[in-house]
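> sequence plus the predicted model coming up.
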Amino acid sequence: MEDTLIFIDEGFLSKLSKHLGGGHYVKFDVMKLSKNLAKKQGLFMRHVYYATAPPFQSGKPTVEEKKRKEGYDKFKSKLSNLKDLTFLEGRCQRIKNGDGSYTYRQKGVDTILIMALSFF
């Protein structure tokens, strides 16, 4: 079997998960998913590059922002300890809409994935 590297864009994977789950996020193990994807193509997963962005934090974080950050930090800590996974981070941008609501977007995640790809 040939070795392969797996590059995951968490933002896209999250949308796909919600779509496949009928509006609810499907829970999965990143490493098992990566190994199964490689195996299905007749490849051996050598390493995973997982790109995401931490949740938005304002100057004075709200209770909700703090809760999201704590969950993210726990998730990141768990993945960062895996020897076959490299955690790549962009940032989260908050945009105020005309009606006063906010839209959140990942920024720099695609760029960081491209930078990682350029090394290979």
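Now that the structure is in, tell me what you want to look at.
> when you work out contacts or count neighbours from here on, use the C-alpha atoms and nothing else.
Will do.
> may I ask you to name the longest helix in the protein?
Ranked by residue count, the top helix of the chain under DSSP state H comes out as helix 63-80.
> which stretches of the chain form helices?
Using DSSP H, the helices of the chain run over residues 10-20, 30-40, 63-80, 109-117.
> tabulate the ones you listed in TSV, adding columns for mean neighbour count, distance to residue 102 and mean pLDDT.
Putting the helices of the chain into TSV (neighbours: other C-alpha atoms under 10 Å; distance: least, C-alpha to C-alpha, whole Å; pLDDT from 0 to 100) gives the following:
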stretch	mean neighbour count	distance to residue 102	mean pLDDT
helix 10-20	14	18	89
helix 30-40	15	29	95
helix 63-80	14	13	91
helix 109-117	15	20	85
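> can you add distance to residue 3 and give these back as JSON lines?
As requested, the helices of the chain are exported to JSON lines (distance: least, C-alpha to C-alpha, whole Å):
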{"stretch": "helix 10-20", "distance to residue 3": "22"}
{"stretch": "helix 30-40", "distance to residue 3": "9"}
{"stretch": "helix 63-80", "distance to residue 3": "21"}
{"stretch": "helix 109-117", "distance to residue 3": "15"}
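> residue 2 is nearest to which of those?
Of all these, helix 30-40 sits nearest to residue 2, with 9.6 Å by C-alpha to C-alpha.
> pull the longest strand from this protein.
When the chain is parsed with DSSP state E, its longest strand is strand 43-52.
> within its sheet, name the partner strands of that strand and how each one runs.
With DSSP bridges as the test, strand 43-52 is paired with strand 2-9 (parallel), strand 85-89 (parallel).
> returning to that earlier point: nearest to residue 53, of the helices of the chain?
Closest to residue 53 of these is helix 109-117 (C-alpha to C-alpha; 6.8 Å).
> picking up where we left off before, what angle do helix 63-80 and the longest strand of the chain make with each other?
With axes from the mean of the first three to the mean of the last three C-alpha atoms, to 10 degrees applied, the angle from strand 43-52 to helix 63-80 works out at 150 degrees.
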